[in-house]
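Q: 3D, please:
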Amino acid sequence: MDTTLADPPQSALSGVARVLVHAGKLQPKAAEDLVRLAREKKTSFVNAVMASGTVTSPELAHTLAHALAMPLLDLNAVDSHKLPQNIIDAKLAVQYQVVVLARRGNRLFIGGADPTDQEVVERIKFATQLTPEWIIVEHDKLLKLLGASTAGSTSEQLEAIAGEDFDFDIAEEETAPQEEAQEMGDVEDAPVVRFLQKMLVDAINMRASDLHFEPYEYHYRVRFRVDGELREITQPPIAIKEKLASRIKVISRMDIAERRVPQDGRMKLKFGSKAIDFRVSTLPTLFGEKIVIRILDPSSAKLGIEALGYEKIEKERLLQAIHRPYGMILVTGPTGSGKTVSLYTCLNILNQPGTNISTVEDPAEINLPGINQVNVNDKAGLTFAAALKSFLRQDPDIIMVGEIRDLDTADIAIKAAQTGHMVMSTLHTNDAPTTLTRLLNMGVAPFNIASSVLLITAQRLTRRLCENCKVPAEYPRDALLRAGFEENDLDGSWKPYRAVGCSNCNNGYRGRVGLYQVMPISEAIQRIILTQGTAMDIAEQARADGVRDLRQSGLVKVKVGVTTLEEVLAATNE
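A: Numbers count the residues shown, from 1 in each chain. Here you go, the predicted structure:
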């Protein structure tokens, strides 16, 4: 192929070495030394040249393309995901440092840095029964491409991520019958099983609330939600997406053959002596099923009202309301603001042997011993309203409704509150005053709202500062006043703090704390409701009654150094 080139007089060089010497890129003696070094280290001459640094990768590629009259391709312009797959063995490609670029009929276009290596051509021709045609590429870009595409088998990559086994068992009652049929598959897919175990264990150790398994066109990623913030944890091989989805479905008692529609399931896993529930949701996306696993730690419902972040006056108002014999208490806020934990905390306070408590949820997140919990089942006709009607024939003292979504549910709940039952529920509204107007807009009569609703709590969650690394912060006086502080607050008796970050926390934060607007329905607010006043009228009266809004509640947390001003502004920017 390169016989037209003259040999240097000092040595009988061949191949790439002769081309480089003839082009003046290498001295003959240096070329001889590199040939000898390559032979001793059992590597190619191209690798030896690149390691020596005497010729750069672009220089080598352009010199060979010019001397041998061969095409040159920039691999940065190639989409590696669209290259032909499985035409030649991956190990062979790495060994001979080549990449398949295209196939046209019986011709196979090969990219490599050494087009003079006839052994490679013959080996590929024999393995594929195709005629190889060489295209020169830059050596460093080729190695990068080979490293990305042949980073080991799927099992090897998963083993590297998953590591050792864990003390981890599926609770017996959660084991699906189909799992027996999957036993052989599970043995073969042991790396997938260990990978899932590691993700669950890591999520629990990191105090994550959710795990996201997300398939995309060319990659697969796992993210955890820690302290309300999503963080990418790892990118396992995309080839595991179907096996991982099947494994999760098996232990969550879902239909593993159904991939076209969303599914919901649960699983209970034992970590030593501790059992933790997980709520599982699957969603078909363009490139596979996205799976979200929510960790339902029963201990979060038993933290006690002090741990949730209520200030003294707010706690007293809430405790006074829940101990009333009848009426309605509403907890409002967006998804993920801790409404369910607040309700469960109240139910635990009220859960006594002489009290009959029933709940209807979609679904019940945490098992509470001593409380009768019912899951909504719309397909079977078990809606919130149907369950509520049934509860009223079950001699209840306290009823908890997961969410008031429609007029039918609202009417039954309010009638229950008016007939001697304590009713607790949630609504998706921004603050306490707008909750009352939301009920009016649903069609609930004003006199029913005024006579039944005792108290409304609006809440948000903000990240709690790490006590180990937080440091005092300096803010301009104008910024503090714009945030909502009064002039008399800025007397120098306190200092705001900022997040720093250490080995014990997540970017300066550890855990979360609630911001609360606890609004009892006073007689003045009742009169506004009966006259169908606006949310602004109710908010103005609430301020007159001494009720702090969410921003003011957050500023109290800033003053005592529990969270940062930035967190409060982000959570209450409405």
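Q: what's the closest non-adjacent residue to Val560?
A: With CB to CB, 6 or more residues apart in numbering as the criterion, Val560 has its nearest non-adjacent residue at 7.6 Å, and that residue is Trp494. To be clear about C-beta, it is placed using only N, CA and C from the backbone, and glycine gets the same treatment.
Q: phi first, then psi, for the one you found.
A: Backbone geometry at Trp494, expressed as degrees, to the nearest 10, gives phi -150, psi 160.
Q: my guess is it meets Lys559, correct?
A: Yes. Here Trp494 reaches Lys559: they are 5.0 Å apart, a contact under CB atoms under 8 Å.
Q: okay, helices next: where are they in the stretch 101-250 of the chain?
A: Using DSSP state H, counting those that start in this stretch, the helices found in the stretch 101-250 of the chain span residues 118-128, 139-149, 154-162, 178-181, 183-188, 190-205, 241-251.
Q: can you give me the helices for the stretch 251-400 of the chain?
A: 312-322, 339-350, 384-391.
Q: which among these is found nearest to Val360?
A: Evaluated over these, closeness to Val360 peaks at helix 384-391, with 3.9 Å, by CB to CB.
Q: outside of the closest one itself, list whatever touches it.
A: With CB atoms under 8 Å, 6 or more residues apart in numbering as the contact definition, helix 384-391 has outside contacts at 358, 360, 362, 374, 376, 399, 401-406, 408-409, 412-413, 416.
Q: which of those are buried?
A: Applying 16 or more other CB atoms under 10 Å to the contacts of helix 384-391, the neighbour count classes 358, 360, 362, 374, 376, 399, 401-405, 408-409, 412-413, 416 as buried.
Q: inside strands: which ones of these?
A: When DSSP state E is applied, the buried ones among the contacts of helix 384-391 are split such that 358, 360, 374, 399, 401 fall in strands.
Q: mind checking the helices of the stretch 251-400 of the chain for the one nearest to Gly105?
A: Here helix 339-350 is closest among the helices of the stretch 251-400 of the chain (CB to CB), at 63.1 Å.
Q: tell me which other helices or strands the closest one touches.
A: Using 3 or more CB pairs under 8 Å, 6 or more residues apart in numbering; DSSP states H and E, the elements in contact with helix 339-350 are helix 312-322, strand 327-332, strand 357-361, strand 398-401, strand 422-427, strand 453-465.
Q: out of the ones you listed, flag the one nearest Glu487.
A: Nearest to Glu487, of the helices and strands packed on helix 339-350 and by CB to CB, is helix 312-322 at 22.6 Å.
Q: could I get the buried residue list for the closest one?
A: Within helix 312-322, the residues that count as buried by 16+ other CB under 10 Å are 314-315, 317-318, 321-322.
Q: pretty sure Val99 is in a helix, no?
A: No. Looking at Val99 with DSSP: H, G, I helix; E, B strand; the rest coil, it is strand, so not inside a helix.
Q: what's the neighbour count on it?
A: Val99: 24 surrounding residues under other CB atoms under 10 Å.
Q: I'd guessed it sits against Leu143; true?
A: No. Between Val99 and Leu143 there is no contact, the gap being 10.1 Å when judged by CB under 8 Å.
Q: returning to what we had before: quick one, which of the helices and strands packed on helix 339-350 is nearest to Arg527?
A: Checking the helices and strands packed on helix 339-350 against Arg527 by CB to CB gives strand 453-465 as the closest, at 13.7 Å.
Q: in the sheet, which strands lie alongside the helix or strand following that closest one, parallel or antiparallel?
A: Per DSSP states H and E, the first helix or strand lying C-terminal to strand 453-465 is strand 471-472. Using DSSP bridges, the strands paired with strand 471-472 in its sheet are strand 497-498 (antiparallel).
Q: returning to what we had before: what is the neighbour count of the residue nearest to Val560?
A: By other CB under 10 Å, the residues close to Trp494 number 13.
Q: per-residue pLDDT, it?
A: What the model reports as pLDDT for Trp494 is 89.
Q: and Met50, by the same measure?
A: With respect to pLDDT, Met50 scores 87.
Q: could you do Asp395 as well?
A: For Asp395, the model assigns a pLDDT of 91.
Q: same deal with Val292?
A: According to the prediction, Val292 has pLDDT 96.
Q: same deal with Leu308?
A: For Leu308, pLDDT reads 84.
Q: I'd guessed it sits against Ser337; true?
A: No. Contact between Leu308 and Ser337 fails when scored by CB under 8 Å: they sit 11.7 Å apart.
Q: distance check, Asp406 against Ser451.
A: According to CB to CB, to the nearest Å, Asp406 stands 21 Å off from Ser451.
Q: roughly how far does Phe384 sit from Gln526?
A: Distance from Phe384 to Gln526, by CB to CB: 26 Å.
Q: more neighbours, these two?
A: Phe384 (25 against 18).
Q: pLDDT value on the more buried one, please?
A: 88.
Q: number of nearby residues for the residue nearest to Ile238 when sequence neighbours are not counted?
A: In space, and not counting its chain neighbours, Ile238 is closest to Tyr220: 4.4 Å by CB to CB, 6+ apart. Applying other CB under 10 Å, we find 19 residues neighbouring Tyr220.
Q: please look at Tyr220 and Pro237 and confirm they touch.
A: Yes. Tyr220 is within contact range of Pro237, at 7.0 Å (criterion: CB under 8 Å).
Q: which residues touch His62?
A: Neighbouring residues of His62 by CB under 8 Å, 6+ apart: Leu72.
Q: helix or strand for it, which one?
A: helix 57-68.
Q: helix 139-149 and that helix, what's the angle between them?
A: With axes from the mean of the first three to the mean of the last three CA atoms, to 10 degrees defining the directions, helix 57-68 sits at 110 degrees from helix 139-149.
Q: what sits up against the helix or strand that helix 57-68 is followed by?
A: Next helix or strand after helix 57-68 toward the C-terminus (DSSP H and E): strand 72-73. Contact with strand 72-73 is made by 61-62, 65, 101, 111, 135-137, as judged by CB under 8 Å, 6+ apart.
Q: where does the chain dip in pLDDT?
A: For the chain, applying pLDDT under 70 flags the ranges 1-14, 148-189, 272, 299-303, 574.
Q: wait, Ala571 touches Lys557, no?
A: No. Ala571 is not in contact with Lys557 according to CB under 8 Å; the separation is 10.1 Å.
Q: overlap of the contact sets of the two?
A: Counting by CB under 8 Å, 6+ apart, the common neighbours of Ala571 and Lys557 are 462, 515.
Q: for stretch 471-478, C-alpha coordinates in CSV please.
A: Extracted C-alpha coordinates of stretch 471-478, given in CSV (Å, rounded to 0.1, in the frame of the first residue of the first chain):
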residue,chain,number,x,y,z
VAL,A,471,-22.3,30.8,59.2
PRO,A,472,-23.7,34.3,59.7
ALA,A,473,-24.6,36.2,56.5
GLU,A,474,-24.7,39.9,55.7
TYR,A,475,-27.7,41.2,53.8
PRO,A,476,-28.4,44.9,52.8
ARG,A,477,-30.9,46.5,55.0
ASP,A,478,-33.1,47.3,52.0
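Q: give the buried residues for that stretch.
A: In terms of neighbour count (16+ other CB under 10 Å), stretch 471-478 has its buried residues at Tyr475.
Q: with stretch 276-295 instead?
A: For stretch 276-295, using 16+ other CB under 10 Å, the buried residues are 276-282, 288-295.
Q: and what of stretch 525-541?
A: Residues 525-526, 528-529, 533, 535, 537-539, 541 are the ones in stretch 525-541 that count as buried (16+ other CB under 10 Å).
Q: hmm, who's touching it?
A: Contact partners of stretch 525-541, identified using CB under 8 Å, 6+ apart, comprise 431, 433-434, 436-437, 440, 446-447, 449-451, 519, 521-522, 524, 542, 545, 549.
Q: just the buried subset of those, written out for PyMOL, thanks.
A: Restricted to buried positions by 16+ other CB under 10 Å, the PyMOL selection for those reads:
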select buried, resi 431+433+434+436+437+440+446+449+450+451+519+521+542+549
